[in-house]
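Colleague: Fold the following, please.
(one chain, ligands or ions: 1)
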Amino acid sequence: MGDPVRHSLSPVLHNAAFAAAGLDWVSAAFPVAAGQAPEAVAAVRALGLEGVSVTMPHKAVVAGLVDRASPTVELLGAANTIVRRAGELVGESTDGAGFLDAVGREVVPAFDPAGRRCLVVGAGGAARAVVLALAGAGASEVVVVNRSRQRAEAAAALAGSIGRVGSAAEADRADLVVNATPLGMDRGPGPAVGDGRCGPLPVPPERLGPGQLVVDLVYHPLLTPLLAAAQAQGASTLGGLGMLVHQAARALVLWTGAEPSIEAMRAALGPLG
Ligand code: NAP
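Modeller: From the prediction side, this is the model:
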């Protein structure tokens, strides 16, 4: 459920995993306008749906509508997944774990945050999930860079003593650089935001180089201006589809108890995957 949601790739991923596992389940996109989450969650109860994937603009409000929230949802104040357990609706957040799975499985060599310095650009829902996950995975430092200082401080606080607010110019000190803003997203006709002509990149490209992993959570286009610049500087890169697939896989495990086929999910994305 979300708005807009009609072109969401989530049902494509879910249905591919259900089919590969031989499960008689189906996932469909429900457009739910802002302010209508309470009615939608009541419908989930009444209809006996097994689970919901929650996206913009409902993640925060859904965290307060479920019967129980996971510890991660309590910390983030946002849920991206609803799971029915013993008749109760439980709010979960799979974004952070999905991010860690993506950097652990989709790049060679695998990236283990333990003891590594990380810089996250953005302080919204996705950034907060990534910051919390990196701290939980043992990062030595998580620097948050954001347009508005107050949100940056709140996001950095999620990392406890290893979190702080910083600037994009510090990217050259980081082992991992993550863009968790919409900068670089292709919004249709016209030049992309952050392509160097009509807006800034999330970090100055000259601060990127060999030995670093640069992850963009944006996946449209697949090769964002940031990733292209990072590759030109010799850094390793990972696009946003990695996190998208792995956060969905985590939700599928919560709903069905079965480990989904990542290969089937990727194949369902066609040329995108
Ligand atoms: P959000 O909660 O709205 O947060 C957006 C963040 O980006 C905020 O920190 C905001 O700064 C910053 N921002 C927005 N426009 C900006 C600009 N023009 N210049 C600089 N900073 C800007 O959004 P979100 O849910 O965290 O999503 C962020 C991005 O991650 C989106 O592109 C989304 O598609 C992507 N995403 C990908 C996945 C995945 O699975 N790959 C999952 C979730 C999200 P302020 O705080 O100053 O407003």
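
Colleague: Which single residue in the stretch 101-250 of the chain comes nearest to the ligand?
Modeller: Proximity of the stretch 101-250 of the chain to the ligand (Cβ to the nearest ligand atom) peaks at G124, 1.9 Å away. Yep, even glycine has a C-beta here, placed from its N, CA and C like the rest.

Colleague: which ones are touching the closest residue to that residue other than its chain neighbours?
Modeller: Nearest non-adjacent residue to G124, counting by Cβ to Cβ, 6 or more residues apart in numbering: A180, 6.8 Å away. Shown in contact with A180 (Cβ atoms under 8 Å, 6 or more residues apart in numbering): 120-124, 126-127, 130, 217.

Colleague: Then A157?
Modeller: Counted by Cβ under 8 Å, 6+ apart, A157 has contacts G163.

Colleague: oh, and call the first residue 630 from now on, that's how I've got it
Modeller: All right, first residue 630 from here; so that's A786.

Colleague: follow-up on the earlier one: hmm, the residue of the stretch 730-879 of the chain closest to the ligand is touching T810, no?
Modeller: Yes - the criterion here is Cβ atoms under 8 Å, and G753 meets it with T810 at 7.5 Å.

Colleague: Between those two, point out the one with more neighbours.
Modeller: T810 (24 against 16; other Cβ atoms under 10 Å).

Colleague: what's the distance between the more buried one and P831?
Modeller: Plainly put, T810 is 6 Å away from P831 if you go by Cβ to Cβ, to the nearest Å.

Colleague: got any residues that touch both of these two?
Modeller: Going by Cβ under 8 Å, 6+ apart, residues that sit against T810 and also against P831 are 750-751.

Colleague: Checking my notes, V807 in a strand, right?
Modeller: Yes - applying DSSP: H, G, I helix; E, B strand; the rest coil, one finds V807 inside a strand.

Colleague: quick one: secondary structure of the closest residue to A657 other than its chain neighbours?
Modeller: Nearest residue to A657, sequence neighbours excluded (Cβ to Cβ, 6+ apart): P640, at 5.8 Å. Following three-state DSSP, P640 is assigned to helix.

Colleague: What confidence value was assigned to A800?
Modeller: We have a pLDDT of 98 for A800.

Colleague: And for the one 10 residues further on?
Modeller: What the model reports as pLDDT for T810 is 96.

Colleague: check contacts around it.
Modeller: Residues in contact with T810 (Cβ under 8 Å, 6+ apart) are 750-751, 753, 756, 776, 831.

Colleague: show me the contacts for P834.
Modeller: 858-859, 861-862.

Colleague: By neighbours, which of these wins?
Modeller: Neighbour max across the contacts of P834 (other Cβ under 10 Å) = A859, 28 neighbours.

Colleague: Helix or strand: which one has that one?
Modeller: Using DSSP states H and E, A859 maps to helix 854-861.

Colleague: counting contacts, what elements does the next helix-or-strand element following that helix pack onto?
Modeller: The helix or strand immediately downstream of helix 854-861 is strand 865-867, counting by DSSP H and E. When contacts are defined as 3 or more Cβ pairs under 8 Å, 6 or more residues apart in numbering; DSSP states H and E, strand 865-867 packs onto strand 842-845, helix 854-861.

Colleague: Next, see if the helix or strand following strand 865-867 gets close to the ligand.
Modeller: On the C-terminal side of strand 865-867, the nearest following helix or strand under DSSP H and E is helix 870-885. Yes - using Cβ under 6 Å from any ligand atom, we find that helix 870-885 touches the ligand at 872-873, 876.

Colleague: Quick check on the residues you listed: which are buried?
Modeller: 872-873, 876 (16 or more other Cβ atoms under 10 Å).

Colleague: I'd like a version of these in TSV, one that adds pLDDT as further columns.
Modeller: Listed next are those as TSV, based on pLDDT from 0 to 100:
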residue	pLDDT
M872	97
L873	97
Q876	98
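
Colleague: Could you export those as JSON lines, including distance to L901?
Modeller: Shown next, in JSON lines, are these (distance: Cβ to Cβ, whole Å):
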{"residue": "M872", "distance to L901": "14"}
{"residue": "L873", "distance to L901": "10"}
{"residue": "Q876", "distance to L901": "16"}
